[in-house]
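A.B. asks: 3D model of this:
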Amino acid sequence: MPHRTHSLKGQLLLDGGGLGGSFFHQSVVLVCEHNAEGAFGIVLNRPTESRMDSIFQQDLPTRLANECIYGGGPVAPQSLCYLFAHSGTKSAGVLENLSLGHDLDELIEMARGWSAVHPLRIFRGYAGWAPGQLDDEMTRDAWITHPATPDLVFFATPDQLWRHILQLRPEWKYRLLAECPDDISRN
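C.D. replies: Numbering: from 1, shown residues only. Purely as a prediction, here's the structure:
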């Protein structure tokens, strides 16, 4: 049984360069829960071509209708969840001032009172790990951890998020990794 690490809830996991060819190649995952029963997270940097109004037939508030849907992970790709910066809700907190929700009706109701300045990201699917699986991956250095912040979660250019965070790191090897081509064989 792998050695249990501390909870990674509220941390970002970045592909450490060894996940090429997998769903998680150059991904940034926000860990929403991590305990003895396993771990659950959302991939932050996989926008899709889908918009809310193309998926859901409900009368959506304008605030939601054009929202991009992100690919949150390979598990349960039809499930919906969302991250939002908002206080005073009943949804599970991931970070201070950052909550996770799963209920479409709750999202629609909240969006009716929101303006475009309220950060929101909507996801289909999630990343999941069985008990001890993420701990084992951490001991094999599959992931680089970085503290999550709402600014990073809602980063304006998700396709650059992985590189952006690596360049923030003080270690030279991560800044070098950020500059590597997507396919190192083409170097």
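A.B. asks: could you use CA atoms for every contact and neighbour count after this?
C.D. replies: Will do.
A.B. asks: so, low pLDDT: which residues of this structure?
C.D. replies: Residues of the chain that meet the criterion pLDDT under 70 lie in 1-5, 86-92, 115-116, 182-187.
A.B. asks: switch the cut-off to 80
C.D. replies: The model of the chain has pLDDT under 80 over residues 1-5, 18-21, 57-58, 86-93, 114-118, 180-187.
A.B. asks: for stretch 114-127, measure first residue to last.
C.D. replies: Using CA to CA, to the nearest Å, the span of stretch 114-127 from its first residue to its last is 28 Å.
A.B. asks: pull out the buried residues from that stretch.
C.D. replies: Across stretch 114-127, burial judged by 16 or more other CA atoms under 10 Å covers 119-127.
A.B. asks: the spatially closest residue to residue 35 that is not a sequence neighbour and residue 61: what is the separation?
C.D. replies: Computed as CA to CA, 6 or more residues apart in numbering, the closest residue to residue 35 that is not its neighbour in sequence is residue 7, at 6.2 Å. Look at residue 7 and residue 61: by CA to CA, they are 37 Å apart.
A.B. asks: between the two, who's got more neighbours?
C.D. replies: residue 61 (17 against 14; other CA atoms under 10 Å).
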